[in-house]
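build me a model from this:
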Amino acid sequence: MSHQSHGDEPAPTTDQLRERVERTRDDLGRTVEALAGKADVKEQAKEKAAMVKEQATVKAAQTAEQLRHKAVQAVELAKDKTPDSVLDAAARAAARLRDSATDAGHLAAATAPEQVREGAASAAHAARSHRPALLAGAAALVAFLVLRRTWRQK
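Now for the predicted structure:
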């Protein structure tokens, strides 16, 4: 087997030919697998849906964090820009309102029918057991109102 093929290159040996054939088979196998994967539309759709879902989850978390941050900033800005006299007046008004609400509660408790008192007690218990959610909702409402007020002033 001393043939000369193209130019000065010696003819490949049997082992070299077997190695080339094996490499070609491996390459062909990978190519067939890749083509089969591209042809599986259902699997591609599942993969794309999973990818989009993950991206949406990440984006939603980022947006929620940005909103929380902006709400905190808005509350701090409102506190900083509100004069002390207004804050003091608001605190006094809140104290008067608490006192009035307490008086009204005592009066209502004394004059309300038993069924109404039981319903009020049940509602108060439910509010106490869901206090964090109620406080979070109130904070969100305050932040929204402050933001809306600052946007209207611009």
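
mind giving me the packing neighbours of the helix or strand encompassing residue 148?
Assessed by DSSP states H and E, residue 148 sits inside helix 131-153. Counting contacts by 3 or more C-beta pairs under 8 Å, 6 or more residues apart in numbering; DSSP states H and E, helix 131-153 is packed against helix 41-81. Where C-beta positions appear, they are placed from N, C-alpha and C, glycine not excepted.

repeat the analysis, applying 10 Å as the threshold.
If you count contacts as 3 or more C-beta pairs under 10 Å, 6 or more residues apart in numbering; DSSP states H and E, helix 131-153 packs onto helix 41-81, helix 114-129.

which elements pack onto the shortest one?
Using 3+ C-beta pairs under 10 Å, 6+ apart as the contact criterion, the neighbours of helix 114-129 among helices and strands are helix 84-111, helix 131-153.

closest one to residue 37 among these?
In terms of C-beta to C-beta, the element of those nearest to residue 37 is helix 131-153, at 46.6 Å.

separation between residue 26 and residue 17?
15 Å (C-beta to C-beta, to the nearest Å).

hmm, residue 127 is touching residue 134, no?
Yes: counting by C-beta atoms under 10 Å, residue 127 does reach residue 134; the two are 6.2 Å apart.

now the residue most central in space within the chain: how far from residue 55?
Most central in the chain under C-alpha atoms, centre = their mean is residue 61, positioned 2.3 Å from the mean C-alpha point. Using C-beta to C-beta, residue 61 is found at 11 Å from residue 55.

residue 117 too?
Between residue 117 and residue 55 the distance is 53 Å, computed by C-beta to C-beta.
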